[in-house]
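Student: No letters, just coordinates:
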């Protein structure tokens with residue numbers, strides 16, 4: 001077969017490249033976990049259930065939930081700053 005194939009890179013460019021973790025977490029007891037809801041359907045159900053599970057089974061002290069304006073939009077800089085200051089761990093995800 002001759003010809004060419006076009007391959008798309010699904011990663012979005014970022015203004016703030018990922019930084020290395022400032023520390024690892026050996027235990028979740030007493031930690032604050034943040035969630036970034038990507039605004040897709042049903043993600044909030046997953047976050048609610050996972051937040052309950054983390055508190056009940058793993059002793060997480062609190063869960064902070066914040067939402068993006070839309071699935072294809074980046075998280076607001078102020079939101080990222082807030083979560084970075086208040087949380088020991090932040091989880092972002094997708095739901096449909």
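Tutor: Happy to help now that I have it. What you see is a predicted model; the values in this text were computed from it and never measured. Residues are numbered from 1 along each chain as shown.
Student: Low-confidence stretches in the protein?
Tutor: Applying pLDDT under 70 to the chain flags the ranges 1-2, 9-23, 94-96.
Student: Break down it into its strands, ranges please.
Tutor: Secondary structure of the chain (DSSP state E): strands at 32-37, 62-67, 89-92.
Student: what's the most buried one of those?
Tutor: strand 32-37 (a mean of 21; mean count of other CB atoms under 10 Å). Heads up, the C-betas are built off the backbone N, CA and C, glycines and all.
Student: Check which helices and strands the top helix by length along the chain is in contact with.
Tutor: Longest helix in the chain by number of residues (criterion: DSSP state H): helix 43-58. Counting contacts by 3 or more CB pairs under 8 Å, 6 or more residues apart in numbering; DSSP states H and E, helix 43-58 is packed against strand 32-37, strand 62-67.
Student: re the thing from before, could the strands of the chain be laid out in JSON lines, adding distance to residue 82?
Tutor: Compiled in JSON lines, the strands of the chain are given as follows (distance: least, CB to CB, whole Å):
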{"stretch": "strand 32-37", "distance to residue 82": "9"}
{"stretch": "strand 62-67", "distance to residue 82": "7"}
{"stretch": "strand 89-92", "distance to residue 82": "10"}
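Student: To residue 43, which of the ones you listed lies closest?
Tutor: Closest approach to residue 43 among the strands of the chain (CB to CB): strand 32-37, 5.2 Å.
Student: other SSEs contacting the closest one?
Tutor: Counting by 3+ CB pairs under 8 Å, 6+ apart, strand 32-37 packs on helix 43-58, strand 62-67, helix 77-86, strand 89-92.
Student: Out of the ones you listed, which is closest to residue 32?
Tutor: That would be strand 62-67 among the helices and strands packed on strand 32-37, by CB to CB, at 5.2 Å.
Student: Just give the strands next to that closest one in its sheet, each with its orientation.
Tutor: strand 32-37 (parallel) (DSSP bridges).
Student: For the strand it pairs with, what is the distance to the chain centroid?
Tutor: Counting by CA atoms, centre = their mean, to the nearest Å, strand 32-37 is centred 6 Å from the centre of its parent chain.
Student: Lovely, talk soon.
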